[in-house]
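Peer 1: The amino acid sequence is not available; the structure is as follows:
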């Protein structure tokens with residue numbers, strides 16, 4: 001069992017020991033994921049580039065905890081919906097490579113349909 005499988009197992013055990021599966025329908029899992037992603041954003045709201053650089057140096061733990069919360073909900077949703085998020089990421093990256101070829105996309109932030 002690799003690190004990710006162990007992590008997913010630990011997440012499921014954590015939830016099951018608390019009998020929380022009953023509350024974890026896809027809608028509420030998606031809401032929780034969105035809320036946690038918003039908490040990541042809060043760390044950067046209203047800061048200019050200089051303020052963000054300084055803030056990140058002094059708040060890595062807090063930002064990391066929010067990123068971990070996002071990962072928690074992603075892994076839990078993937079498990080509950082029987083979606084291999086790692087395999088889907090491989091597929092998504094392959095699709096992105098086709099949509100954003102280096103020759104057209106390098107150094108620009110233009111959406112693929114405008115390249």
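Peer 2: Alright, I've got the coordinates. Note that the structure is a prediction, hence the values are computed from the model and not measured.
Peer 1: which element is the residue of the chain positioned farthest from its centre on?
Peer 2: Relative to the centre of the chain, the most outlying C-alpha is that of residue 103, 28.1 Å out, by CA atoms, centre = their mean. Assigned by DSSP states H and E, residue 103 falls within helix 102-105.
Peer 1: Buried residues of that helix, list them for me.
Peer 2: Buried residues in helix 102-105, counting neighbours by 16 or more other CB atoms under 10 Å, are found at residue 105. C-beta here means a position set from N, CA and C on the backbone, and glycine is covered the same way.
Peer 1: per-residue confidence averaged over that helix?
Peer 2: Taken as a whole, helix 102-105 carries a mean pLDDT of 91.
Peer 1: ok, the residue farthest from the centre of the chain to residue 5 distance?
Peer 2: Remark: distance between residue 103 and residue 5 (CB to CB, to the nearest Å) = 38 Å.
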